[in-house]
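> Predicted coordinates and the sequence they were generated for:
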Amino acid sequence: MRLTANEVNPLKGFGGSNPLVSAGNNAFESESGGKLLTYKVAIVGAGPAGYFTAQAFQKAQRDDLSFAIDMIERLPTPWGLVRSGVAPDHPKIKSVSKVFENIAKEPNFRLFANVELGKDVSLKDLRDQYDVVVLATGASRGRKLGIPGEELKNSLSAAEFVPWYNAHPDFVSVEVDLSSDTAVVIGAGNVAMDVARILAIDPTELDPTDIAEHALVKLKRSNIRTVIICGRRGPEHAAFTAPELRDLSRLKNTDIYIDPKQIAEAIEHIKEIDDVEKDLKNNIEALDTITQLYKKGAPRKLEIKFLCSPIEIKGKGKVEEIVIQKNKVIGGKVISTDETFSIKAGIIVTAIGYNSIEYPGVTIESGRVVNIAGHVEHNVYVVGWAKRGPIGVIGTNKSDSTDVVDLIIENLKEPKTSEGITALLKSGHEVIDQIAWEKINASECISGEVAGKPRIKEVDWKQLISLGRS
Ligand code: NAP
């Protein structure tokens, strides 16, 4: 959708069955005779937190209260981490996109993709034009280890590696060298697990997935046969979740190794805890099961090592070796020892969490937008990872967004009479609206069907826009 100069009706496209929306005004008589108020909401970020926020607004509508929702997204495609974060071999997790598309079908929802906060629109302008602005901008900057050698070539962050294999247009040209036989992944969380699995899996098992074509080609030529995950604390402290651990056993051509002694020690440590949480019990059970898995003698190996802190990455111009300090658990605390060892590895991927990115008008502290229960300032709110830090699975955003929307509704004043985003975007700005996105989506799915995949993702920004125009 290319905006024309006279396209300024803020509620354009909100007709349909919604009795509250009618151009130019925002207070109406309800069917029951009361006053109906429509509030204009801008949600910035079309990922899970953004969509669940839109859904919470839709569910909160009453006879006397309605919301006109504009979802603004920097990329020409929506769905956030469901498209560019979730591992390609986890299609079930991606099925939540059906929920997003149902939210988008509601008559009070409009998508404005290919619109960047801080470049195409400012936060101040959004604040002025909308009754409510909700930031759902996530946390996309990978945290750093801060150790010598981290800047070497082929020392990557999961914040680059994951969007690279997931066809994010900004990460297509990330240089990934898979010519060595060993990769080390730092971190004991689900992102580290995803990264390690993608490196360790036989790439033919990725053929029926929507992994980026450029990544699949590279993985098929990869020499990596051993992938080692290093967690700095013990198995009892790992951030993996049990389903992801159990999932490892389905790898057909990769053997999984964990030192049974480390699990036995963790089981002993847990006995000292009075009330062991169910998640921890499940995790230890899953880890213990892995130690007992039959080894197929596969050429590909994935090993999880615990109590290992990286202290230096070495190499001449590129990664060649990582030096690890051994840790131990004493009285429930993890302490470092004087013992070190090295792993010869040609690629290191760091998956130790994320920080939110700064933009004018927002203060970031401890990696997230400064907020109180989701309230930032005035009519600005925040949800998802930008609010609470990079914790939680996709579903966590549902209850979190509902809580923030409840707070927003408590704070609502009289609705503004303003034009919304069309007053802010330059004439000629090419917006990917819902119809354009559906064209992109259909085109990708059709290409995928021919190749026996759910979709083939387009990686070129201009080409995506052109598909939306077709
Ligand atoms: P995470 O779960 O917080 O794990 C981060 C890991 O990095 C932890 O093991 C942490 O160890 C380690 N770490 C942090 N700083 C470190 C350092 N300086 N040196 C060494 N290790 C360090 O984060 P994530 O893996 O990025 O995942 C983010 C969220 O997305 C999680 O809630 C996760 O469950 C979710 N997710 C879910 C799925 C799925 O459901 N399939 C997939 C991907 C992600 P400490 O515990 O010692 O700090």
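Yes, it's here. Owing to the predicted nature of the structure, the values given are computational and were not obtained by experimental measurement.
> And stretch 211-228, what's buried?
For stretch 211-228, burial by neighbour count (16 or more other CB atoms under 10 Å) applies to 211-216, 218-219, 222, 224-228. Backbone N, C-alpha and C define where each C-beta goes, glycine included.
> again with stretch 299-317
300-310, 312-313, 315.
> just to revisit the earlier point, just the buried residues of stretch 211-228: which are in helices?
Residues of the buried residues of stretch 211-228 located in helices (DSSP state H): 213-216, 218-219.
> Out of those, which is nearest to the ligand?
Comparing those against the ligand with CB to the nearest ligand atom picks out A215 as the nearest, at 17.0 Å.
> Identify the residues contacting that closest one.
164-167, 176 (CB atoms under 8 Å, 6 or more residues apart in numbering).
> got a pLDDT number for it?
Looking at A215, its pLDDT stands at 98.
> now swap in the one 3 residues further on and tell me
The score at K218 is 98. That number is its pLDDT.
> so what's the spatially closest residue to V172 that is not a sequence neighbour up against?
Nearest residue to V172 in three dimensions, chain neighbours excluded: V459, at 4.8 Å (CB to CB, 6 or more residues apart in numbering). Residues counted as contacts of V459 (CB under 8 Å, 6+ apart) are 167-169, 172, 212-214.
> Serialize the ones in helices among the buried residues of stretch 211-228 to JSON lines and add fields for distance to the ligand.
Output for these, formatted as JSON lines (distance: CB to the nearest ligand atom, whole Å):
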{"residue": "E213", "distance to the ligand": "22"}
{"residue": "H214", "distance to the ligand": "22"}
{"residue": "A215", "distance to the ligand": "17"}
{"residue": "L216", "distance to the ligand": "20"}
{"residue": "K218", "distance to the ligand": "21"}
{"residue": "L219", "distance to the ligand": "19"}
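> Count the neighbours of G332 for me.
If you count neighbours by other CB atoms under 10 Å, G332 ends up with 12.
> excluding its backbone neighbours, what's nearest the residue in the stretch 251-400 of the chain that the ligand sits nearest to?
Closest to the ligand within the stretch 251-400 of the chain is I352: 3.6 Å, counting by CB to the nearest ligand atom. Once flanking residues are discounted, I352 sits nearest to G187: 4.5 Å by CB to CB, 6+ apart.
> Assess the claim that that neighbour and P390 are in contact.
No - in this structure G187 lies outside contact range of P390 using CB atoms under 8 Å: 11.5 Å.
> between these two, who's got more neighbours?
Neighbour count, other CB under 10 Å: between G187 and P390, G187 has more, with 26 against 22.
> so what's that one up against?
158, 229-231, 239, 350-353.
> wouldn't G367 be in contact with I357 here?
No - using CB under 8 Å as the test, G367 is too far from I357 to be in contact (9.9 Å).
> hang on, the earlier thing: sort out which one of the contacts of A215 lies nearest the ligand for me.
Proximity of the contacts of A215 to the ligand (CB to the nearest ligand atom) peaks at N166, which lies at 11.7 Å.
> Where does F57 sit, in terms of helix or strand?
helix 48-60 (DSSP states H and E).
> List the buried residues of that helix.
48-58.
> Convert whichever helix or strand comes after it to CSV, retaining C-alpha atoms only.
Counting by DSSP H and E, the element after helix 48-60 in chain order, helix or strand, is strand 65-73. The C-alpha trace of strand 65-73 is given here as CSV (Å, rounded to 0.1, in the frame of the first residue of the first chain):
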residue,chain,number,x,y,z
LEU,A,65,-15.5,0.6,24.6
SER,A,66,-13.7,-0.1,21.4
PHE,A,67,-10.1,0.0,20.1
ALA,A,68,-8.8,0.8,16.6
ILE,A,69,-5.5,-1.0,16.5
ASP,A,70,-2.6,-0.1,14.2
MET,A,71,0.3,-2.5,14.4
ILE,A,72,3.6,-1.0,13.2
GLU,A,73,6.5,-3.2,12.2
